[in-house]
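1. next comes the sequence, and after it the predicted model I'd like to discuss.
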Amino acid sequence: MPGIIRGPLRMGTSGTELDEVEIAELRKTSYNATVTHLSLPNERLMRVRIRLDDGVAENGPALHYEPGQYTTLGMGYWEPRVEGAQAETLNEKQLTKVVKRAYSISCRLLDDSDNVTPAGDEPELEFYIALVTEAEKPPALTPRIFLLKEGDRLHMGGKPKGVFTLGDVQPTDNILFAATGTGEAPHNAMASKLLAEGHQGKITSVTCVRYGADLGYTSEHEKLMAMFPNYRYLPLTTREAINRDESHPDYVGVRYVQDLLESEGVEEEIGFALNSPSTHVFLCGNPAMIGIPNRSADPSGRYPKPRGVVEILEGKGFKADEPKSPGNIHYEKYW
Ligand SMILES: Cc1cc2nc3c(=O)[nH]c(=O)nc-3n(C[C@H](O)[C@H](O)[C@H](O)COP(=O)(O)OP(=O)(O)OC[C@H]3O[C@@H](n4cnc5c(N)ncnc54)[C@H](O)[C@@H]3O)c2cc1C
Ligand SMILES: NC(=O)c1ccc[n+]([C@@H]2O[C@H](COP(=O)([O-])OP(=O)(O)OC[C@H]3O[C@@H](n4cnc5c(N)ncnc54)[C@H](OP(=O)(O)O)[C@@H]3O)[C@@H](O)[C@H]2O)c1
(Lines give C-alpha, C1' and ligand atoms only; values in the text may rest on other atoms or scores of the structure.)
(Ligands and ions follow the chains in the order given, each with its own letter.)
Protein backbone atom coordinates (compact mmCIF):
# COMPACT_ATOMS: atom_id res chain seq x y z
CA MET A 1 0.00 0.00 0.00
CA PRO A 2 1.22 3.51 -0.69
CA GLY A 3 2.40 5.48 2.34
CA ILE A 4 0.80 8.51 3.91
CA ILE A 5 0.99 12.20 3.18
CA ARG A 6 -0.34 13.93 6.29
CA GLY A 7 -3.04 16.29 5.04
CA PRO A 8 -2.58 18.99 7.67
CA LEU A 9 1.18 19.15 7.09
CA ARG A 10 0.57 20.11 3.52
CA MET A 11 -2.01 22.72 4.36
CA GLY A 12 -2.65 26.33 4.23
CA THR A 13 -0.82 29.44 3.21
CA SER A 14 -0.31 30.26 6.87
CA GLY A 15 1.11 26.81 7.56
CA THR A 16 -1.46 26.25 10.31
CA GLU A 17 -1.99 22.66 11.41
CA LEU A 18 -4.94 21.14 13.22
CA ASP A 19 -4.09 19.33 16.42
CA GLU A 20 -5.38 15.88 17.39
CA VAL A 21 -8.12 17.33 19.62
CA GLU A 22 -9.49 19.54 16.83
CA ILE A 23 -9.38 16.60 14.41
CA ALA A 24 -11.18 14.33 16.88
CA GLU A 25 -13.91 16.95 17.30
CA LEU A 26 -14.27 17.45 13.54
CA ARG A 27 -14.59 13.69 13.02
CA LYS A 28 -17.20 13.50 15.77
CA THR A 29 -19.38 16.23 14.29
CA SER A 30 -18.90 15.35 10.59
CA TYR A 31 -18.97 11.56 10.40
CA ASN A 32 -22.05 9.35 10.66
CA ALA A 33 -20.89 5.96 9.40
CA THR A 34 -18.35 3.18 10.04
CA VAL A 35 -16.33 0.94 7.74
CA THR A 36 -17.30 -2.65 8.56
CA HIS A 37 -15.49 -4.64 5.83
CA LEU A 38 -12.77 -3.62 3.47
CA SER A 39 -10.77 -5.48 0.83
CA LEU A 40 -8.45 -4.41 -1.98
CA PRO A 41 -8.72 -6.54 -5.15
CA ASN A 42 -5.57 -4.64 -6.14
CA GLU A 43 -3.82 -1.65 -4.60
CA ARG A 44 -5.90 0.83 -6.67
CA LEU A 45 -9.28 -0.86 -6.24
CA MET A 46 -11.41 -1.16 -3.10
CA ARG A 47 -14.53 -3.03 -2.04
CA VAL A 48 -15.81 -1.48 1.14
CA ARG A 49 -18.93 -2.00 3.25
CA ILE A 50 -20.18 0.90 5.35
CA ARG A 51 -22.85 1.05 8.04
CA LEU A 52 -24.76 4.22 8.76
CA ASP A 53 -25.02 4.98 12.51
CA ASP A 54 -28.04 3.18 14.00
CA GLY A 55 -28.93 1.95 10.50
CA VAL A 56 -31.18 4.94 9.94
CA ALA A 57 -31.09 7.71 7.41
CA GLU A 58 -30.25 11.28 8.39
CA ASN A 59 -33.90 12.27 8.55
CA GLY A 60 -35.39 9.26 10.23
CA PRO A 61 -36.56 6.32 8.09
CA ALA A 62 -34.43 3.22 7.69
CA LEU A 63 -32.05 3.43 4.73
CA HIS A 64 -33.53 1.84 1.64
CA TYR A 65 -32.22 2.21 -1.90
CA GLU A 66 -33.37 1.19 -5.34
CA PRO A 67 -30.65 -0.98 -6.90
CA GLY A 68 -28.74 1.23 -9.35
CA GLN A 69 -28.91 4.35 -7.15
CA TYR A 70 -25.98 6.21 -5.63
CA THR A 71 -25.29 8.07 -2.44
CA THR A 72 -22.41 10.21 -1.22
CA LEU A 73 -19.31 9.39 0.78
CA GLY A 74 -17.24 12.09 2.40
CA MET A 75 -14.07 12.66 4.40
CA GLY A 76 -12.50 15.73 5.92
CA TYR A 77 -9.76 17.62 4.10
CA TRP A 78 -7.88 17.26 7.39
CA GLU A 79 -7.43 13.52 6.73
CA PRO A 80 -4.17 12.18 5.26
CA ARG A 81 -3.82 11.22 1.57
CA VAL A 82 -1.97 8.30 -0.02
CA GLU A 83 1.59 8.98 -0.98
CA GLY A 84 2.10 9.72 -4.65
CA ALA A 85 -1.26 11.47 -5.10
CA GLN A 86 -1.04 14.70 -7.05
CA ALA A 87 -0.29 17.40 -4.45
CA GLU A 88 -3.15 19.66 -3.36
CA THR A 89 -3.03 23.14 -1.89
CA LEU A 90 -5.77 24.05 0.56
CA ASN A 91 -6.56 27.22 2.41
CA GLU A 92 -7.34 27.28 6.12
CA LYS A 93 -11.09 27.47 5.54
CA GLN A 94 -11.11 24.31 3.40
CA LEU A 95 -9.14 22.40 5.98
CA THR A 96 -12.16 21.93 8.26
CA LYS A 97 -14.57 21.02 5.42
CA VAL A 98 -15.71 17.58 4.26
CA VAL A 99 -15.23 16.62 0.61
CA LYS A 100 -18.11 14.51 -0.72
CA ARG A 101 -18.45 12.53 -3.93
CA ALA A 102 -21.18 10.38 -5.46
CA TYR A 103 -20.80 6.58 -5.35
CA SER A 104 -23.07 3.98 -6.90
CA ILE A 105 -24.24 1.47 -4.35
CA SER A 106 -22.72 -1.87 -5.29
CA CYS A 107 -23.59 -5.24 -3.84
CA ARG A 108 -21.61 -8.13 -2.46
CA LEU A 109 -23.73 -10.42 -4.69
CA LEU A 110 -23.46 -13.42 -2.35
CA ASP A 111 -23.74 -13.59 1.41
CA ASP A 112 -21.49 -15.68 3.69
CA SER A 113 -23.55 -18.80 2.86
CA ASP A 114 -23.35 -18.09 -0.90
CA ASN A 115 -27.01 -17.07 -1.16
CA VAL A 116 -27.67 -14.28 -3.63
CA THR A 117 -28.28 -11.06 -1.69
CA PRO A 118 -31.52 -9.23 -2.51
CA ALA A 119 -30.09 -5.73 -2.90
CA GLY A 120 -32.00 -2.75 -1.49
CA ASP A 121 -32.23 -3.12 2.27
CA GLU A 122 -28.85 -4.43 3.45
CA PRO A 123 -27.74 -3.22 6.88
CA GLU A 124 -24.41 -2.18 5.34
CA LEU A 125 -23.94 -0.73 1.87
CA GLU A 126 -21.12 -1.94 -0.35
CA PHE A 127 -19.11 0.43 -2.57
CA TYR A 128 -16.58 -0.32 -5.28
CA ILE A 129 -14.02 2.44 -5.63
CA ALA A 130 -11.05 3.13 -7.91
CA LEU A 131 -8.13 5.18 -6.60
CA VAL A 132 -7.57 8.30 -8.69
CA THR A 133 -4.13 9.80 -8.10
CA GLU A 134 -3.85 12.20 -11.05
CA ALA A 135 -6.56 14.29 -12.68
CA GLU A 136 -7.16 17.73 -14.13
CA LYS A 137 -7.56 19.01 -10.57
CA PRO A 138 -5.92 17.15 -7.67
CA PRO A 139 -8.27 14.32 -6.70
CA ALA A 140 -9.57 15.04 -3.21
CA LEU A 141 -11.50 12.06 -1.92
CA THR A 142 -10.11 8.75 -3.18
CA PRO A 143 -6.54 9.41 -1.94
CA ARG A 144 -8.13 9.73 1.52
CA ILE A 145 -10.56 6.79 1.17
CA PHE A 146 -7.65 4.50 0.29
CA LEU A 147 -6.17 4.99 3.76
CA LEU A 148 -9.34 3.78 5.51
CA LYS A 149 -9.29 0.65 7.66
CA GLU A 150 -12.09 -1.43 9.16
CA GLY A 151 -13.56 0.45 12.12
CA ASP A 152 -12.71 3.89 10.69
CA ARG A 153 -15.34 6.61 10.44
CA LEU A 154 -16.50 8.72 7.52
CA HIS A 155 -19.57 10.50 6.15
CA MET A 156 -22.26 8.68 4.17
CA GLY A 157 -25.29 10.40 2.65
CA GLY A 158 -28.51 8.93 4.04
CA LYS A 159 -30.73 9.54 1.01
CA PRO A 160 -29.85 7.39 -2.01
CA LYS A 161 -30.59 9.15 -5.29
CA GLY A 162 -30.79 8.64 -9.01
CA VAL A 163 -33.02 7.29 -11.77
CA PHE A 164 -30.51 4.72 -13.09
CA THR A 165 -32.68 1.86 -11.82
CA LEU A 166 -34.57 -1.12 -13.21
CA GLY A 167 -37.74 0.96 -13.64
CA ASP A 168 -40.26 -0.84 -15.84
CA VAL A 169 -38.10 -3.87 -16.67
CA GLN A 170 -40.42 -6.87 -17.06
CA PRO A 171 -39.63 -10.35 -15.66
CA THR A 172 -39.05 -11.83 -19.13
CA ASP A 173 -36.97 -8.96 -20.58
CA ASN A 174 -33.35 -9.58 -21.53
CA ILE A 175 -30.90 -7.24 -19.86
CA LEU A 176 -27.46 -6.15 -20.95
CA PHE A 177 -25.30 -4.33 -18.43
CA ALA A 178 -22.10 -2.79 -19.82
CA ALA A 179 -19.51 -0.97 -17.72
CA THR A 180 -16.00 0.33 -17.62
CA GLY A 181 -14.05 -0.27 -14.40
CA THR A 182 -16.02 0.42 -11.23
CA GLY A 183 -19.08 1.15 -13.37
CA GLU A 184 -20.09 -2.44 -12.68
CA ALA A 185 -21.10 -1.38 -9.14
CA PRO A 186 -24.76 -0.45 -9.80
CA HIS A 187 -25.08 -3.37 -12.23
CA ASN A 188 -24.13 -5.74 -9.41
CA ALA A 189 -26.92 -4.35 -7.24
CA MET A 190 -29.47 -4.55 -10.07
CA ALA A 191 -28.39 -8.08 -11.11
CA SER A 192 -28.56 -9.23 -7.51
CA LYS A 193 -32.11 -7.95 -7.13
CA LEU A 194 -33.22 -9.54 -10.40
CA LEU A 195 -31.66 -12.91 -9.63
CA ALA A 196 -33.03 -12.94 -6.07
CA GLU A 197 -36.51 -12.24 -7.46
CA GLY A 198 -36.32 -15.06 -10.01
CA HIS A 199 -35.95 -12.97 -13.18
CA GLN A 200 -36.80 -15.17 -16.19
CA GLY A 201 -35.13 -13.20 -18.99
CA LYS A 202 -31.41 -13.38 -19.67
CA ILE A 203 -28.99 -11.10 -17.84
CA THR A 204 -25.50 -10.43 -19.19
CA SER A 205 -23.04 -8.17 -17.42
CA VAL A 206 -20.06 -6.91 -19.46
CA THR A 207 -17.21 -5.09 -17.73
CA CYS A 208 -14.26 -3.60 -19.60
CA VAL A 209 -11.03 -3.03 -17.66
CA ARG A 210 -7.38 -2.45 -18.45
CA TYR A 211 -6.13 -5.66 -16.82
CA GLY A 212 -7.76 -8.82 -15.46
CA ALA A 213 -6.54 -7.76 -12.01
CA ASP A 214 -8.93 -4.78 -12.23
CA LEU A 215 -11.95 -7.11 -11.88
CA GLY A 216 -13.05 -7.11 -8.25
CA TYR A 217 -16.02 -9.50 -8.32
CA THR A 218 -14.89 -12.36 -10.60
CA SER A 219 -15.37 -15.21 -8.14
CA GLU A 220 -18.88 -14.07 -7.18
CA HIS A 221 -19.89 -13.72 -10.84
CA GLU A 222 -18.57 -17.22 -11.55
CA LYS A 223 -20.62 -18.66 -8.71
CA LEU A 224 -23.71 -16.80 -9.93
CA MET A 225 -23.24 -18.21 -13.43
CA ALA A 226 -23.11 -21.72 -11.96
CA MET A 227 -26.27 -21.03 -9.92
CA PHE A 228 -28.33 -19.21 -12.57
CA PRO A 229 -28.30 -20.45 -16.21
CA ASN A 230 -29.73 -17.08 -17.34
CA TYR A 231 -26.81 -15.08 -15.87
CA ARG A 232 -23.58 -14.38 -17.74
CA TYR A 233 -20.57 -12.26 -16.77
CA LEU A 234 -18.38 -11.21 -19.64
CA PRO A 235 -15.15 -9.40 -18.76
CA LEU A 236 -13.18 -7.56 -21.46
CA THR A 237 -9.59 -6.33 -21.09
CA THR A 238 -7.72 -3.74 -23.11
CA ARG A 239 -4.10 -3.82 -21.92
CA GLU A 240 -3.22 -7.48 -21.31
CA ALA A 241 -0.71 -9.23 -23.59
CA ILE A 242 -3.65 -10.95 -25.35
CA ASN A 243 -4.86 -7.46 -26.27
CA ARG A 244 -1.58 -5.85 -27.27
CA ASP A 245 0.94 -8.55 -28.29
CA GLU A 246 0.16 -9.94 -31.74
CA SER A 247 2.58 -12.82 -31.23
CA HIS A 248 0.65 -14.01 -28.14
CA PRO A 249 -0.95 -17.43 -28.81
CA ASP A 250 -4.31 -16.19 -27.44
CA TYR A 251 -4.16 -12.74 -29.08
CA VAL A 252 -7.63 -11.19 -29.43
CA GLY A 253 -6.74 -7.51 -29.86
CA VAL A 254 -8.05 -4.63 -27.74
CA ARG A 255 -11.69 -5.21 -26.88
CA TYR A 256 -13.75 -2.21 -25.85
CA VAL A 257 -17.49 -2.56 -25.20
CA GLN A 258 -18.01 -0.93 -28.62
CA ASP A 259 -15.88 -3.65 -30.28
CA LEU A 260 -17.94 -6.38 -28.65
CA LEU A 261 -21.23 -4.80 -29.74
CA GLU A 262 -20.05 -4.32 -33.32
CA SER A 263 -18.57 -7.79 -33.67
CA GLU A 264 -20.28 -10.50 -35.70
CA GLY A 265 -20.44 -12.91 -32.78
CA VAL A 266 -21.95 -10.46 -30.30
CA GLU A 267 -25.26 -12.25 -29.87
CA GLU A 268 -23.55 -15.56 -29.24
CA GLU A 269 -21.21 -13.93 -26.71
CA ILE A 270 -23.89 -12.11 -24.76
CA GLY A 271 -26.32 -15.01 -25.06
CA PHE A 272 -29.32 -13.32 -26.67
CA ALA A 273 -30.39 -11.40 -29.76
CA LEU A 274 -30.00 -7.64 -29.65
CA ASN A 275 -33.60 -7.04 -30.66
CA SER A 276 -34.66 -3.95 -28.84
CA PRO A 277 -38.34 -4.39 -27.83
CA SER A 278 -37.63 -6.94 -25.11
CA THR A 279 -34.10 -5.83 -24.22
CA HIS A 280 -32.93 -3.14 -21.82
CA VAL A 281 -29.36 -1.88 -21.84
CA PHE A 282 -27.66 -0.24 -18.85
CA LEU A 283 -24.35 1.60 -19.36
CA CYS A 284 -22.16 2.91 -16.57
CA GLY A 285 -18.70 4.39 -16.07
CA ASN A 286 -16.49 6.30 -18.47
CA PRO A 287 -18.62 8.86 -20.39
CA ALA A 288 -16.62 8.23 -23.55
CA MET A 289 -17.73 4.60 -23.55
CA ILE A 290 -21.38 5.68 -23.20
CA GLY A 291 -21.19 8.46 -25.83
CA ILE A 292 -24.18 10.48 -24.70
CA PRO A 293 -25.84 12.12 -27.70
CA ASN A 294 -26.49 15.84 -27.96
CA ARG A 295 -30.15 15.87 -28.96
CA SER A 296 -30.18 19.54 -29.85
CA ALA A 297 -27.49 19.02 -32.51
CA ASP A 298 -28.43 18.14 -36.08
CA PRO A 299 -28.60 14.36 -36.69
CA SER A 300 -25.12 14.18 -38.20
CA GLY A 301 -23.48 15.92 -35.23
CA ARG A 302 -25.41 14.44 -32.38
CA TYR A 303 -22.98 11.69 -31.33
CA PRO A 304 -19.64 12.45 -29.72
CA LYS A 305 -16.34 11.16 -31.11
CA PRO A 306 -14.88 8.60 -30.63
CA ARG A 307 -17.87 6.39 -31.21
CA GLY A 308 -19.70 5.43 -28.03
CA VAL A 309 -22.13 2.63 -27.27
CA VAL A 310 -25.29 4.75 -27.60
CA GLU A 311 -24.49 5.50 -31.25
CA ILE A 312 -23.95 1.81 -32.00
CA LEU A 313 -27.13 0.69 -30.24
CA GLU A 314 -29.32 3.44 -31.67
CA GLY A 315 -28.10 2.17 -35.05
CA LYS A 316 -29.57 -1.21 -34.07
CA GLY A 317 -32.99 0.19 -33.11
CA PHE A 318 -32.45 1.00 -29.44
CA LYS A 319 -33.13 4.46 -28.01
CA ALA A 320 -31.41 6.37 -25.23
CA ASP A 321 -33.64 7.02 -22.23
CA GLU A 322 -33.98 10.74 -21.71
CA PRO A 323 -36.03 12.83 -19.27
CA LYS A 324 -38.84 13.69 -21.68
CA SER A 325 -38.35 10.85 -24.08
CA PRO A 326 -38.17 7.35 -22.59
CA GLY A 327 -35.96 4.70 -24.14
CA ASN A 328 -34.34 1.35 -23.46
CA ILE A 329 -30.70 2.50 -23.13
CA HIS A 330 -30.17 3.73 -19.58
CA TYR A 331 -26.90 5.30 -18.50
CA GLU A 332 -24.94 6.74 -15.58
CA LYS A 333 -21.72 8.61 -16.24
CA TYR A 334 -19.06 8.91 -13.55
CA TRP A 335 -17.49 12.18 -14.69
C1 LIG B 1 -23.50 9.20 -10.02
C2 LIG B 1 -22.03 8.86 -9.81
C3 LIG B 1 -21.69 7.61 -9.28
C4 LIG B 1 -20.33 7.30 -9.09
N5 LIG B 1 -20.02 6.06 -8.61
C6 LIG B 1 -18.72 5.70 -8.49
C7 LIG B 1 -18.37 4.38 -8.04
O8 LIG B 1 -19.23 3.54 -7.74
N9 LIG B 1 -17.05 4.07 -7.94
C10 LIG B 1 -16.07 4.98 -8.25
O11 LIG B 1 -14.88 4.62 -8.14
N12 LIG B 1 -16.38 6.22 -8.69
C13 LIG B 1 -17.67 6.60 -8.79
N14 LIG B 1 -17.98 7.87 -9.19
C15 LIG B 1 -16.90 8.87 -9.31
C16 LIG B 1 -16.70 9.51 -7.92
O17 LIG B 1 -17.79 10.38 -7.63
C18 LIG B 1 -15.41 10.35 -7.83
O19 LIG B 1 -15.39 11.30 -8.86
C20 LIG B 1 -14.16 9.48 -7.93
O21 LIG B 1 -14.14 8.51 -6.88
C22 LIG B 1 -12.89 10.31 -7.82
O23 LIG B 1 -12.97 11.14 -6.68
P24 LIG B 1 -11.76 12.10 -6.33
O25 LIG B 1 -12.25 13.13 -5.38
O26 LIG B 1 -10.58 11.29 -5.86
O27 LIG B 1 -11.37 12.77 -7.70
P28 LIG B 1 -12.31 13.72 -8.60
O29 LIG B 1 -11.76 15.06 -8.54
O30 LIG B 1 -13.74 13.54 -8.24
O31 LIG B 1 -12.13 13.04 -10.05
C32 LIG B 1 -11.04 13.28 -10.85
C33 LIG B 1 -11.10 12.55 -12.17
O34 LIG B 1 -10.91 11.13 -11.95
C35 LIG B 1 -11.48 10.38 -13.01
N36 LIG B 1 -12.41 9.40 -12.40
C37 LIG B 1 -13.42 9.66 -11.53
N38 LIG B 1 -14.05 8.52 -11.17
C39 LIG B 1 -13.42 7.52 -11.80
C40 LIG B 1 -13.61 6.11 -11.82
N41 LIG B 1 -14.59 5.51 -11.09
N42 LIG B 1 -12.79 5.36 -12.58
C43 LIG B 1 -11.83 5.95 -13.30
N44 LIG B 1 -11.57 7.28 -13.34
C45 LIG B 1 -12.37 8.06 -12.60
C46 LIG B 1 -12.17 11.40 -13.91
O47 LIG B 1 -11.27 11.72 -14.96
C48 LIG B 1 -12.37 12.59 -12.99
O49 LIG B 1 -12.47 13.81 -13.70
C50 LIG B 1 -19.32 8.23 -9.41
C51 LIG B 1 -19.68 9.49 -9.92
C52 LIG B 1 -21.01 9.79 -10.14
C53 LIG B 1 -21.36 11.15 -10.73
N1 LIG C 1 -6.13 0.38 -13.64
C2 LIG C 1 -4.85 0.72 -13.49
O3 LIG C 1 -3.95 -0.11 -13.56
C4 LIG C 1 -4.46 2.17 -13.27
C5 LIG C 1 -3.13 2.54 -13.30
C6 LIG C 1 -2.81 3.88 -13.12
C7 LIG C 1 -3.79 4.81 -12.89
N8 LIG C 1 -5.07 4.45 -12.83
C9 LIG C 1 -6.10 5.47 -12.54
O10 LIG C 1 -7.15 4.87 -11.83
C11 LIG C 1 -8.39 5.41 -12.26
C12 LIG C 1 -9.29 4.29 -12.66
O13 LIG C 1 -8.81 3.63 -13.82
P14 LIG C 1 -9.65 2.44 -14.47
O15 LIG C 1 -8.74 1.62 -15.30
O16 LIG C 1 -10.44 1.76 -13.42
O17 LIG C 1 -10.74 3.23 -15.36
P18 LIG C 1 -10.70 3.76 -16.85
O19 LIG C 1 -9.48 4.56 -17.11
O20 LIG C 1 -12.02 4.38 -17.11
O21 LIG C 1 -10.60 2.45 -17.78
C22 LIG C 1 -11.53 1.35 -17.71
C23 LIG C 1 -11.62 0.69 -19.07
O24 LIG C 1 -12.33 1.57 -19.97
C25 LIG C 1 -11.62 1.62 -21.19
N26 LIG C 1 -11.91 2.83 -21.95
C27 LIG C 1 -11.21 4.00 -21.96
N28 LIG C 1 -11.74 4.85 -22.86
C29 LIG C 1 -12.78 4.21 -23.43
C30 LIG C 1 -13.72 4.57 -24.45
N31 LIG C 1 -13.69 5.76 -25.07
N32 LIG C 1 -14.66 3.67 -24.80
C33 LIG C 1 -14.71 2.46 -24.21
N34 LIG C 1 -13.86 2.06 -23.25
C35 LIG C 1 -12.90 2.92 -22.86
C36 LIG C 1 -10.18 1.53 -20.76
O37 LIG C 1 -9.35 1.19 -21.88
P38 LIG C 1 -7.85 1.79 -22.10
O39 LIG C 1 -6.95 0.63 -21.96
O40 LIG C 1 -7.90 2.33 -23.48
O41 LIG C 1 -7.63 2.86 -21.06
C42 LIG C 1 -10.26 0.44 -19.72
O43 LIG C 1 -10.26 -0.83 -20.31
C44 LIG C 1 -8.08 6.42 -13.37
O45 LIG C 1 -8.05 7.71 -12.81
C46 LIG C 1 -6.71 6.01 -13.83
O47 LIG C 1 -6.00 7.13 -14.30
C48 LIG C 1 -5.44 3.12 -13.02
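-> Everything's here; your move. Numbers count the residues shown, from 1 in each chain. Ligands and ions are numbered 1, 2, ... in the order given.
2. ranges for the helices of the chain?
-> 20-30, 92-95, 142-145, 184-196, 218-227, 241-244, 257-262, 266-270, 287-290, 309-314 (DSSP state H).
3. list the helices and strands the third one packs on?
-> Right, helix 142-145. strand 70-76, strand 81-82, strand 125-130 (3 or more C-beta pairs under 8 Å, 6 or more residues apart in numbering; DSSP states H and E). For the C-beta atoms, the positions are set from N, CA and C on the backbone; glycine is no exception.
4. with mean pLDDT and distance to Val310 as extra columns, can I get those in TSV?
-> Below are the helices and strands packed on helix 142-145 laid out as TSV (pLDDT from 0 to 100; distance: least, C-beta to C-beta, whole Å):
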stretch	mean pLDDT	distance to Val310
strand 70-76	98	20
strand 81-82	97	35
strand 125-130	98	23
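5. could you export the ones you listed as JSON lines, including distance to ligand 2?
-> Putting the helices and strands packed on helix 142-145 into JSON lines (distance: least, C-beta to the nearest ligand atom, whole Å) gives the following:
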{"stretch": "strand 70-76", "distance to ligand 2": "16"}
{"stretch": "strand 81-82", "distance to ligand 2": "12"}
{"stretch": "strand 125-130", "distance to ligand 2": "4"}
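6. just put these in JSON lines and tack on mean neighbour count.
-> Listed next are the helices and strands packed on helix 142-145 as JSON lines, based on neighbours: other C-beta atoms under 10 Å:
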{"stretch": "strand 70-76", "mean neighbour count": "23"}
{"stretch": "strand 81-82", "mean neighbour count": "24"}
{"stretch": "strand 125-130", "mean neighbour count": "22"}
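7. closest one to Leu40 among those strands?
-> strand 125-130 (10.0 Å; C-beta to C-beta).
8. quick one, that closest one and strand 70-76 angle?
-> Strand 125-130 and strand 70-76 meet at an angle of 70 degrees, taking axes from the mean of the first three to the mean of the last three C-alpha atoms, to 10 degrees as the criterion.
9. quick one: list the elements packing against strand 125-130.
-> Using 3+ C-beta pairs under 8 Å, 6+ apart, the elements in contact with strand 125-130 are strand 45-52, strand 98-104, helix 142-145, helix 184-196.
10. which one of the ones you listed is the most hemmed in?
-> helix 184-196 (a mean of 26; mean count of other C-beta atoms under 10 Å).
11. which elements pack onto that one?
-> Going by 3+ C-beta pairs under 8 Å, 6+ apart, helix 184-196 lies up against strand 98-104, strand 125-130, strand 174-180, strand 203-209, helix 218-227, strand 279-285.
12. what bridges to Val206?
-> For Val206, the beta-bridge partners under DSSP bridges are Ala178, Leu234.
13. got the contact list for it?
-> Residues in contact with Val206 (C-beta atoms under 8 Å, 6 or more residues apart in numbering) are 176-179, 234-236, 257, 260, 270.
14. overlap between those residues and the residues near ligand 2?
-> Subset of those in contact with ligand 2: Val257, counting by C-beta under 6 Å from any ligand atom.
15. one step back: and Trp335, which of the helices of the chain is closest to it?
-> Closest approach to Trp335 among the helices of the chain (C-beta to C-beta): helix 287-290, 6.4 Å.
16. let me see the residues that make contact with that closest one.
-> By C-beta under 8 Å, 6+ apart, helix 287-290 touches 178, 180, 183, 208, 256-258, 283-284, 304, 306, 308-310, 331, 333-335.
17. ok, of these, which come out buried?
-> 178, 180, 183, 208, 256-258, 283-284, 304, 308-310, 331, 333-334 (16 or more other C-beta atoms under 10 Å).
18. quick revisit: can I get the helices of the chain in CSV with distance to ligand 1?
-> Shown next, in CSV, are those (distance: least, C-beta to the nearest ligand atom, whole Å):
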stretch, distance to ligand 1
helix 20-30, 16
helix 92-95, 13
helix 142-145, 3
helix 184-196, 4
helix 218-227, 16
helix 241-244, 18
helix 257-262, 15
helix 266-270, 23
helix 287-290, 9
helix 309-314, 17
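19. the ones you listed: which one's closest to Lys161?
-> helix 184-196 (12.0 Å).
20. give me the distance from that closest one to the chain's centre.
-> 12 Å (C-alpha atoms, centre = their mean, to the nearest Å).
21. and it with strand 174-180, angle?
-> 160 degrees.
22. up against ligand 1, what does this protein have?
-> By C-beta under 6 Å from any ligand atom, the residues of the chain that approach ligand 1 are 70, 101-104, 128-130, 132, 135, 137, 139-142, 181-182, 185, 332, 334-335.
23. and Ala288, how many neighbours?
-> Residues near Ala288, counting by other C-beta atoms under 10 Å, number 18.
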